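> Please find the sequence and the predicted model below.
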Amino acid sequence: MADGSSIKTQSLGTGGFIAYQDEEHGLGFQIASELANGTRGGGGPAGDHGKQSAFSYRLTSPRRTTADTLAALISNDAELAIVPLQNDRAGYDKKTLATLIDFQDYEVVGEKMASDQYVLAVPSAMVEEQAESAFPSAYRAGSVGTLANGRAAQTAIRRRIGTIYATPDALDRCGAAVDGFRAQGIEISRLPEHSNPYRDVLNEAYSLLDPERTIQTSFSEQHNSLKRTSEIKGKNYGKPLVGVLLPLDVVLLGDRNYHADAKDANLSADYVVVDQGLVGGRGIETHFLVIKRKQPRTGKPGKNGKSEAPADKIAGDDGIVAGLMTRIGFNTSKHVRVLLKVDTRGQGVADTAELTEVMNRGGLRHTPIVLNDRPDTLPTVFEIAVHSDADRKNLHRVLTKASNPAKGWHARVLGCYASDRVMPDAPVAARTMPAAVWVFLAGGFAMVGAIATYLLMS
């Protein structure tokens, strides 16, 4: 689940609301809850905000997009924003990067990781209807929880499933389990890429319920509780159930008292979880950025009264990167990441190969992310990893070159933050051999060839 032990965030302010994005796996809620609990001293992540016991963060309702999430931050509706940056299957979230380009006056203060797993769930309404069909004259609230509790109940419910719905992501991560379901004769229905499986399957289940079913509620003096009396006139009690593969956090979102138990099925408001240990299932891992509003600077201007150059501000001896490196220390797992945006298309825009050459020559690990949905400027965001002071100095050279207005790149640093994530598709940049070395080697080979020819001729 949420990883809050490895990376310390910078100071996060004095409390308030946390806006988070409701991304496909529901993991934004994990990170936001972790930060909120941390301010209460409830085992949240270590950092400056963990000392604020007098004021707690509270969660807003989830936002559908990164733009909505950052808008809540900039408009003072929230103190922090949680947005997805990268996950282990889809790679970088380009919508998040595009939104960071569009917005101003924010500051990235940390990166956090959350993990989850897919589970097989069945709509509670369908399970409830079948439970009522066994006791149609007097069904009391709570029977579904009893039915769904234990492995025997899980097996009984799974045997009644006729169709399992799954998104492409779920099919990819749960391939072995899906093959097993097919072998049992269960139909697998593929949902569209950008569908909402939680709501779509719930609506499908409601359409399959007995339309003749009636329920009356009264108070039972004998049990001192509400009693529900159900009358079912339909005859199709043996109809198959529908299931869906969902991330566990999506199923249980909002149930703050929930504790996962892999041995038993668990009842949520809309779904009953009937299998938490899908065979061969691969976990979900998503990294998020923690963002706050940028505070106005009150310090003195740079030397000679001039404003500080962007390269000095970010990668100078007293810059942001140096401060982060001092805070986290030097080791093989923790380092600093910098998001650098440059335009690659437009009038007078130079070839960005000049930038990558500087990075390669300095051995800077970097990953380019091209935002193809903006064809006019075709911006590229470089995520650059800084592991040492030598890397910081090389980053300074990169930023100095990128800031040259004659190149037309309109460079901008979108964020600097500590990270322990392994950079995807980014081996250590190859160091190019100086031309003089090539000339020396070529001359050496030519001399060896001449000597060999002389010896053979003689």
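Perfect, thanks for sending it.

> Arg182 and Leu171, how far apart?
To Leu171, Arg182 is 11 Å away according to C-beta to C-beta, to the nearest Å. Heads up, the C-betas are built off the backbone N, CA and C, glycines and all.

> Where does pLDDT dip in the stretch 201-350 of the chain?
Scanning the stretch 201-350 of the chain for pLDDT under 70 picks out the ranges 213-217, 226-237, 253-268, 296-307, 330-332.

> Where do the strands of it begin and end?
Taking DSSP state E, counting those that start in this stretch as the criterion, the stretch 201-350 of the chain contains strands spanning 214-220, 225-231, 241-247, 266-267, 271-275, 284-293, 335-342.

> can I get the ones you listed in JSON lines with distance to Val108 and mean neighbour count?
JSON lines is the format used below for the strands of the stretch 201-350 of the chain (distance: least, C-beta to C-beta, whole Å; neighbours: other C-beta atoms under 10 Å):
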{"stretch": "strand 214-220", "distance to Val108": "51", "mean neighbour count": "10"}
{"stretch": "strand 225-231", "distance to Val108": "50", "mean neighbour count": "15"}
{"stretch": "strand 241-247", "distance to Val108": "25", "mean neighbour count": "25"}
{"stretch": "strand 266-267", "distance to Val108": "36", "mean neighbour count": "22"}
{"stretch": "strand 271-275", "distance to Val108": "35", "mean neighbour count": "25"}
{"stretch": "strand 284-293", "distance to Val108": "5", "mean neighbour count": "23"}
{"stretch": "strand 335-342", "distance to Val108": "8", "mean neighbour count": "23"}
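
> re the thing from before, common neighbours of Arg182 and Leu171, please.
Ile188 (C-beta atoms under 8 Å, 6 or more residues apart in numbering).

> who's more crowded, those two?
Leu171 (16 against 12; other C-beta atoms under 10 Å).

> contacting residues around the more buried one?
Val178, Ile188, Arg190, Leu245.

> And for His335?
His335 neighbours (C-beta under 8 Å, 6+ apart): Met325, Ile328, Ala385, Val386, His387, Ala418, Ser419, Asp420.

> name the element the closest residue to Thr66 other than its chain neighbours belongs to?
Nearest non-adjacent residue to Thr66, counting by C-beta to C-beta, 6 or more residues apart in numbering: Thr99, 4.2 Å away. Thr99 belongs to helix 94-102 when assigned by DSSP states H and E.

> How about Glu107?
Here Glu107, judged by DSSP H and E, is contained in strand 106-116.

> Alpha carbons only: can I get that strand in CSV?
What follows is strand 106-116, C-alpha atoms only, in CSV (Å, rounded to 0.1, in the frame of the first residue of the first chain):
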residue,chain,number,x,y,z
TYR,A,106,3.0,25.8,-7.5
GLU,A,107,5.9,23.9,-6.0
VAL,A,108,6.5,20.1,-6.1
VAL,A,109,7.5,19.1,-2.6
GLY,A,110,7.7,15.3,-2.8
GLU,A,111,7.1,12.1,-4.6
LYS,A,112,5.2,9.2,-3.0
MET,A,113,4.4,5.7,-4.1
ALA,A,114,1.2,3.7,-3.5
SER,A,115,0.5,0.1,-4.4
ASP,A,116,-2.6,-2.1,-4.6
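
> and that strand, how far from the chain's centre?
Distance of strand 106-116 from the chain centroid (C-alpha atoms, centre = their mean, to the nearest Å) equals 8 Å.

> Buried residues, that strand. List them.
Residues Tyr106, Val108, Val109, Gly110, Glu111, Lys112, Met113, Ala114, Ser115, Asp116 are the ones in strand 106-116 that count as buried (16 or more other C-beta atoms under 10 Å).

> what residue lies at the spatial centre of this structure?
Thr286 (3.0 Å; C-alpha atoms, centre = their mean).

> Would you mind listing the residues in contact with that one?
Contact analysis of Thr286 by C-beta under 8 Å, 6+ apart lists Glu23, His25, Leu27, Pro84, Gln86, Asn87, Asp88, Met113, Ala114, Ser115.

> Just say helix, strand or coil for the first one.
Here Glu23 takes the coil state, with states given by DSSP: H, G, I helix; E, B strand; the rest coil.

> quick one: it and Phe288, what's the gap?
When distance is defined by C-beta to C-beta, Glu23 is 9 Å away from Phe288.

> any common contacting residues for the two?
Shared contacts of Glu23 and Phe288, counting by C-beta under 8 Å, 6+ apart, come down to Pro84.

> How are the helices of the stretch 251-400 of the chain distributed by residue range?
Assigned by DSSP state H, counting those that start in this stretch, the helices in the stretch 251-400 of the chain fall at 310-315, 320-328, 353-362, 389-402.

> How about residues contacting the first one?
Which is helix 310-315. 302, 319-322, 338, 386, 392-393, 395-396, 399-400, 403, 411, 413, 416.

> Likewise for stretch 372-381?
Residues contacting stretch 372-381 (C-beta under 8 Å, 6+ apart): 92, 94, 97-98, 101, 339-346, 352, 368-371, 410, 414.

> go again using 10 Å as the cut-off
92, 94-98, 100-101, 339-346, 349, 352, 355-356, 367-371, 408-410, 412, 414 (C-beta atoms under 10 Å, 6 or more residues apart in numbering).

> and the helix holding Thr99, what other elements does it pack with?
When contacts are defined as 3 or more C-beta pairs under 10 Å, 6 or more residues apart in numbering; DSSP states H and E, helix 94-102 packs onto helix 66-74, strand 80-87, strand 284-293, strand 335-342, strand 365-370, strand 380-386, strand 412-419.

> Of all these, which one comes closest to Leu120?
strand 284-293 (15.0 Å; C-beta to C-beta).

> Any idea how far the closest one is from the middle of the chain?
For strand 284-293, the distance to the chain centre is 6 Å (C-alpha atoms, centre = their mean).

> That one vs strand 80-87, what angle?
140 degrees (axes from the mean of the first three to the mean of the last three C-alpha atoms, to 10 degrees).

> Give the partner strands of strand 284-293 in its sheet and their orientations.
Sheet pairing of strand 284-293 (DSSP bridges) gives strand 80-87 (antiparallel), strand 106-116 (antiparallel).

> Just send these back as CSV, with distance to Arg159 and mean pLDDT too.
Output for these, formatted as CSV (distance: least, C-beta to C-beta, whole Å; pLDDT from 0 to 100):
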stretch, distance to Arg159, mean pLDDT
strand 80-87, 34, 93
strand 106-116, 26, 92
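
> got those strands as CSV, with distance to Gln276 columns?
Formatted as CSV, the strands paired with strand 284-293 follow (distance: least, C-beta to C-beta, whole Å):
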stretch, distance to Gln276
strand 80-87, 21
strand 106-116, 11
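
> of all those, which lies closest to Ala309?
Comparing those under C-beta to C-beta, the one sitting nearest is strand 106-116, at 18.9 Å.

> next helix or strand past the closest one?
Next in line after strand 106-116, if elements are assigned by DSSP H and E, sits strand 118-123.
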